[in-house]
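Novice: okay, sequence plus prediction incoming.
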Amino acid sequence: MKRPRHGLWAGLLLAVLLFGGLSFATDRSFTLGTLKADKGQMQSGFLTVPEKDGVGTSIPVTIINGAKPGKVLVLTAGVHGYEYPPVLALYRIKGLIDPNKLSGTLVLVHIANLPSFQKRTIYYNPVDGKNLNRVFPGDLKGTLCQRIAYVLHEEVIKKCDALIDLHCGDGNEALIPYSYWMITENKALDQETKDMALAFGLKYIIIDTTKAKDLAQSVYLANTALIEGKPAITTESGYLGRADEESIGRNVKGILSVMKLFKMIEGKPTGVADPVWIDEFEVVNSKFSGLFYPRVEMGAKVTPGELVGIVKDYLGNLKEEVRAPFEGTILYIIGTPPANKGEPLFEVGRLKK
């Protein structure tokens, strides 16, 4: 008796599946370090940053692995430990996303720089005195910040399809909401990141052509992803170390809008209808240590040479008048008295005509 033809094909297909000649992924699990989430699951835990000289740390993360396939979107917060709205926004996102309704995988890096968060330090990690967002792609044999950057690069950036690095005004910075659209040499990649910046919805968007193109000198978290061909943006929403609802909500809304852009959740991205593009920007640093007295507020329009603030020494003597380098908008300005030599006093951005 002849074997039915469909039975023969079924047998061949079973053999192929069993012995690896053809692969149909049914598991779709996602791992970060020792943490694993199967499809339709949410898992939270820690990425371990190896110790050196008895000093190490960990990074709290959450994997939300959707029941349906899609992009891997990474969200990072707490690169600077005094920037609270992005941190709180990611914990809120964790409670909003149902993995059974999610397409793709969402990775939440809740607090990238835990030692800084714990000690409430601006800019710098309290252990090694380095700015985490200036040491990428990191070094496993380096200082604590360099090792944190290495772990984030190897375990998070390399596994993503797209990335949003969420920031805000640090504990000393009065900052208006804006994002960075970082330009590369890849036009298709640039279009993806432009779409992400528009979808996130912050009105002011900096066109940034200054970032390094060499991975060994990538410096910034989001730039590291871009150099590796992954669309990435940096956002800024929040100011002066506050945990205000408006800033938190703006971050949540932006994240959900980008997820809709990537069809990870249902709905259309909200985005920004009337973006203001900034084609030149400059951070003005203090030449002296002492006290800073601002003369304008965040978001102020300034003209070339306009007085933005003054620096006095610790005895009250005038040391410096700081002025606007060109016509533009004050993106952020130091809103607390300490001025340290070589550190920022304000950033001004020129509106693209």
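Specialist: Ah, there it is. Since the structure is predicted, the reported quantities are computational estimates derived from the model, not experimental observations.

Novice: buried ones in stretch 159-179?
Specialist: Neighbour counts over stretch 159-179 (16 or more other Cβ atoms under 10 Å) mark 160, 162-179 as buried. Glycine gets a C-beta too; all of them are placed from N, C-alpha and C.

Novice: now do it, average pLDDT.
Specialist: Per-region confidence: stretch 159-179 scores 98 on mean pLDDT.

Novice: got the contact list for the nearest residue to I265 once chain neighbours are set aside?
Specialist: Leaving aside its sequence neighbours, I265 sits nearest to M259 (Cβ to Cβ, 6 or more residues apart in numbering; 4.9 Å). Residues near M259 by Cβ atoms under 8 Å, 6 or more residues apart in numbering: 73, 106, 265.

Novice: what pairs with the second one across the strands?
Specialist: So the one you mean is L106. I64, L73 (DSSP bridges).

Novice: do you know how far it is from D161?
Specialist: 11 Å (Cβ to Cβ, to the nearest Å).

Novice: overlap in contacts, those two.
Specialist: Taking Cβ under 8 Å, 6+ apart as the contact rule, L106 and D161 both touch L73.

Novice: how about K141, secondary structure?
Specialist: coil (DSSP: H, G, I helix; E, B strand; the rest coil).

Novice: and the residue lying closest to it once chain neighbours are set aside, how many neighbours?
Specialist: Take K141 and drop its neighbours on the chain: the residue closest to it by Cβ to Cβ, 6+ apart is K52, 7.5 Å away. A total of 14 residues lie near K52 under the criterion other Cβ atoms under 10 Å.

Novice: closest one of the contacts of M259 to K319?
Specialist: Nearest to K319 among these: L73, at 46.5 Å, using Cβ to Cβ.

Novice: are we agreed that the residue nearest to I265 is in a helix?
Specialist: Yes - assessed by three-state DSSP, M259 belongs to a helix.

Novice: wait, T143 sits on L132?
Specialist: No - with contact defined as Cβ atoms under 8 Å, T143 does not count as touching L132 (10.4 Å).

Novice: give me the buried positions along whatever helix or strand K253 lives in.
Specialist: K253 is part of helix 245-261 when elements are defined by DSSP states H and E. Residues of helix 245-261 classed as buried: 247-248, 250-252, 254-261 (neighbour count, 16+ other Cβ under 10 Å).

Novice: find the nearest non-adjacent residue to I164, please.
Specialist: Distances taken as Cβ to Cβ, 6+ apart place L75 nearest to I164, at 5.3 Å, with adjacent residues excluded.

Novice: now the one you found: how far from I233?
Specialist: From L75 to I233 the distance is 11 Å (Cβ to Cβ).

Novice: can you list the domains in this structure?
Specialist: Taking automatic domain parsing as the reference, the chain has its domains at 30-274, 281-351.

Novice: please identify the most buried of these.
Specialist: For the domains of the chain, the largest average neighbour count (mean count of other Cβ atoms under 10 Å) is found in domain 30-274, namely a mean of 20.

Novice: what about it, start to end distance?
Specialist: 38 Å (Cα to Cα, to the nearest Å).

Novice: cool, stretch 98-114 as well?
Specialist: Separation of the first and last residues of stretch 98-114 by Cα to Cα is 27 Å.

Novice: what's the closest non-adjacent residue to R28?
Specialist: Leaving aside its chain neighbours, R28 sits nearest to K39 (4.3 Å; criterion: Cβ to Cβ, 6+ apart).

Novice: so the one you found makes contact with I63?
Specialist: No - counting by Cβ under 8 Å, K39 sits too far from I63 to count as a contact (10.9 Å).

Novice: can you list contacts of stretch 323-332?
Specialist: 169, 173-176, 178, 204, 206, 236, 239, 278, 280-282, 284, 296-308, 344, 346-351.

Novice: average pLDDT for it, rounded please.
Specialist: For stretch 323-332, the mean pLDDT works out to 98.

Novice: taking the buried residues of stretch 159-179 one by one, which sit in strands?
Specialist: Taking DSSP state E, the ones among those that sit in strands are 162-167, 173-175, 178-179.

Novice: what pLDDT does the residue nearest to V107 when sequence neighbours are not counted get?
Specialist: Once flanking residues are discounted, V107 sits nearest to V74: 4.5 Å by Cβ to Cβ, 6+ apart. Here, the pLDDT recorded for V74 equals 98.

Novice: gap between the two ends of stretch 161-174?
Specialist: End residues of stretch 161-174 are separated by 32 Å (Cα to Cα).

Novice: how about stretch 264-280?
Specialist: One end of stretch 264-280 to the other measures 34 Å (Cα to Cα).

Novice: next one: it to chain centre, how far?
Specialist: Here the centre of stretch 264-280 is set off from its chain's centre by 16 Å, with Cα atoms, centre = their mean, to the nearest Å.

Novice: list the contacts of it.
Specialist: Contacts for stretch 264-280 (Cβ under 8 Å, 6+ apart): 66, 70-71, 73, 97, 101-104, 106, 178, 198-207, 253, 256-261, 326, 328-329, 331, 349-352.

Novice: what of stretch 182-193?
Specialist: 162, 181, 207-209, 211, 213, 222-223, 226-227, 229, 231-234.
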